Structure formats: C-alpha cells, structure tokens
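> Give me coordinates for this.
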Amino acid sequence: MKKLLLIFIGLCSFSFASGQGCSDAGFCTMGAMSPGQVYTKKINFKLRALELNQYRGTTKLTPVINVTTLDFTFGITENTSFQVKLPYQWVKGNLGKTSGVGDISYSFTHNFKSTENYHINATLGGKIPSGKSDLEGDDKPEFTSDGQPHDLPMYYQVSLGTWDIVAGASYISKKWMFATGIQVPVSHNNQNDFQYEEWSGYPDPGYLRSHHLANDLKRGTDVMLRAERAFHFSNLDIRLGVLPIFRITKDEITENGERVKLDGTTGMALSGILGVAYHFNVYHTAKVLLGHKFTDRDVNPDGLTRENVASIAYVIRF
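The predicted structure follows:
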C-alpha cells in the first residue's frame, strides 16, 4: 500500500512538472464521454459525486491556463444522472493576464443497456457562457497604440461566449472504453474585438499576428472519439488512450465588414492520454490525467488549442 501511494504521489509531481494533454471546447469530460470511467456490474446512478479538479494547460503561444473546477454529479433515477461543472480560470501570457468564472457545463446521462460484460450510456447537455469574451489587457497598456486597454485574443478569454449543445455515447467494459460525442455552437461570439492595429506598440509583430482574429466568431462543429485501455492493480487503475477531435465545419469571422470562412480551421487534433487513479475506498479517489498533443489544426481563432495539459483531482462519493 505504501509503495502504491509513493508511486501515485510521484506521478502527481510529474504531472505538474511536464504534464501533457488535449484541447477541446469542454465536451470530452462531460457525462458518457468522460475519461477514466470504471466498469461495475451494476451502475448506481443514485450515488452522488463531488470532484475538485485542478488543471494546467500550455498553449502553442505563451499563455498558460490554470482552471479550478467543481464537478458535481447526482442521480435522478436508477438509470439517469445529472452533471454540472463550475470552473474558475486564470490565464497569463506575454500580452497580459486575466481571470474569471469559466463557461458552465451541464449534462444528463442515461444508461441504456447493462450486461455482465459492458454498459452503454448516452449523454445530452450543453454549455452556458459565463459572460463576455472581451477581457482587456489593462496591465500592458504600453503595448497598445493609444495606451488604453483593448480586447485580448481568445487565448486569454475565460469564456468562449457561445451557447453550445452537446451529445454523446460510450461503451464501457472492464478493460476498454470507447466514446464519441459532438458539440455544436448555436450562437456567435460577437464580443471579442481583438485587432492587430490596436496593439501596434508590441515589439514583436510576428508573434502578435500568431494570435488569430476572432471578430464575431462562429465556431465550427466538433466531433470527438475516445478509446481507452484500462489496467487494474488492486486499488490502482492506469489507463492509456487516444483522443482525436475533428472540427468538421469551418470557423467564420467578420473581416473588413464581410463574413469569411477560415481555411485551416477544420481537421483533426490528436492527443495521447495517460490516466492514473488510486481508489482509497468506494467513496474516495485521487486522479491524475496527462496527455500530449500530436497533431493540431493550423488555424485556431477560438484559442482552444493546448500543447501540454495536466490535471489532478479528488473525488468524494456519498
């Protein structure tokens, strides 16, 4: 037992030093699509769970994103549960720093079939914008053309500024999990107005223009797949997986008064995932999730891409 705890603590330390991970608009950790789901012969949806999750993600540019999330799940019936996630986010990069409440996720998950060997679950839910995505870089006025604060790029925003619909399903056995999901924005982000000209005082124009414009952004539709293989060792679970996310429609923005569909915004973002969970007992679990981005889309006006992420969480069931 002591050796297993030492291994787990070592993995936690490693995760914050060099954690790696995936990016998406939030739906790959909702309901049936969530990683690390444990197969049991009988699902008990009436069992409530409260998870405190600390996340750190690095981007292709300088912003580093830290998010603390309260994730609450409770049963409605013997086969149906409800999940809500409340995040608080901090971002810091070369253009400034921001913080605030992130977008709220909610979902209903229903178990459609259970056998001695597998479960099939489905999820329907969505995301609610926490506010406007027009936070300003008021701590870096020397970089702007008029010395006044202006909108930061989407990498720095704590809200995507859109209402989204999410749906998905999963197959879970003792050794394997396969999941798929879709996220469809049903509104535009019409708040962010980051403009290169307003940041003309920044000393590196090339770096500045690596932040893609997102004026009146209509984000494309995302489809995810997840495959995980579980290895069980007494109270310790180790999971290896892959997570491809496909942007199947082009992002659109307003440029020079006209709507423009952006090339390079579609395609696959592929990540490898490592998950480790230590179950102290039925009611208490500690988890670490690491991942690494192997491929990404060329153009990311939504600021969602992550190069490396790591999260550590503690779950209480009651």
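
> In which helix or strand does Gly147 reside?
Using DSSP states H and E, Gly147 falls within no helix or strand.

> Please name the residues that touch it.
Pro141 (CB atoms under 8 Å, 6 or more residues apart in numbering). In this view, the C-beta of every residue, glycine as well, is placed from N, C-alpha and C.

> any idea of the pLDDT on it?
In this model, Gly147 is scored at 86, pLDDT.

> Look up how far Pro185 lies from it.
35 Å (CB to CB, to the nearest Å).

> again, but for Ala122
21 Å.

> neighbour-wise, which of those two wins?
Legend: neighbour count by other CB atoms under 10 Å for Ala122 and Pro185, higher for Pro185 (23 against 16).

> Point out where this structure drops to low pLDDT.
Along the chain, segments meeting pLDDT under 70 span 1-25, 41-46.

> which one is the residue of it most remote from its centre nearest to, not counting chain neighbours?
For the chain, the largest distance from the centre (CA atoms, centre = their mean) belongs to Asp146, which lies 35.2 Å off. Leaving aside its sequence neighbours, Asp146 sits nearest to Glu198 (CB to CB, 6 or more residues apart in numbering; 7.7 Å).

> The one you found is in contact with Phe143, isn't it?
No - counting by CB atoms under 8 Å, Phe143 is not a contact partner of Glu198; they are 9.4 Å apart.

> Spit out the contact partners of Tyr283.
316-318.

> hmm, try it at 10 Å
47, 49, 315-318 (CB atoms under 10 Å, 6 or more residues apart in numbering).

> Please apply the same query to Met268.
223, 225, 244-248, 294-297.

> For these, give me CSV that also has distance to Gly267 and neighbour count.
Shown next, in CSV, are the contacts of Met268 (distance: CB to CB, whole Å; neighbours: other CB atoms under 10 Å):
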residue, distance to Gly267, neighbour count
Val223, 12, 17
Leu225, 14, 17
Pro244, 10, 16
Ile245, 10, 25
Phe246, 7, 17
Arg247, 6, 24
Ile248, 9, 12
Phe294, 13, 14
Thr295, 8, 10
Asp296, 8, 19
Arg297, 5, 20
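
> Widest-spaced pair of those residues?
The two members of the contacts of Met268 with the most space between them (CB to CB) are Ile248 and Phe294, at 19.2 Å.

> Correct me if wrong: Asp302 contacts His188.
No - look at Asp302 against His188 with CB atoms under 10 Å: they stay out of range, at 11.9 Å.

> In terms of neighbours, single out the busier of the two.
Asp302 (28 against 16).

> If any of the contacts of Tyr283 are buried, put those into a PyMOL selection.
Applying 16 or more other CB atoms under 10 Å to the contacts of Tyr283 leaves a buried subset, and the PyMOL line that selects it is:
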select buried, resi 49+315
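
> wait, which of the contacts of Tyr283 is closest to Asp139?
Among the contacts of Tyr283, and counting by CB to CB, the member closest to Asp139 is Val315, at 36.0 Å.

> any chance you could map the helices in this structure?
Along the chain, counting by DSSP state H, helices occupy 2-18, 205-208.

> Pull out the buried positions in the last one.
Buried residues in helix 205-208, defined by neighbour count with 16+ other CB under 10 Å: Leu208.

> Using CSV, write out every CA atom in that helix.
Output in CSV follows, covering the C-alpha atoms of helix 205-208 (Å, rounded to 0.1, in the frame of the first residue of the first chain):
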residue,chain,number,x,y,z
PRO,A,205,4.6,41.9,-34.7
GLY,A,206,5.2,38.4,-35.9
TYR,A,207,4.3,36.9,-32.5
LEU,A,208,1.3,39.3,-32.2
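
> Relative to Lys132, how far out is the residue nearest to Asp146?
17 Å.

> now swap in Phe143 and tell me
Phe143 is 21 Å from Lys132, by CB to CB.

> More neighbours: which of the two?
Phe143 (19 against 15).

> Look up how far Met268 lies from that one.
34 Å.

> Likewise for Tyr39?
28 Å.

> and if you look at Arg239?
Arg239 sits 21 Å away from Met268, going by CB to CB.

> and what of Val282?
Distance from Val282 to Met268, counting by CB to CB: 38 Å.

> Same check on Phe318?
Taking CB to CB, one finds Phe318 at 39 Å from Met268.

> My guess is Arg317 contacts Thr285. True?
Yes - between Arg317 and Thr285 there is a contact under CB under 10 Å: 7.8 Å.

> what residues are shared contacts of those two?
Common neighbours of Arg317 and Thr285 (CB under 10 Å, 6+ apart) are 49, 51.

> so what's the closest residue to Tyr155 other than its chain neighbours up against?
Leaving aside its chain neighbours, Tyr155 sits nearest to Gly303 (3.8 Å; criterion: CB to CB, 6+ apart). Shown in contact with Gly303 (CB under 10 Å, 6+ apart): 23, 59-61, 63, 65, 91, 133, 152-157, 160, 192, 194, 211-212, 214, 217.
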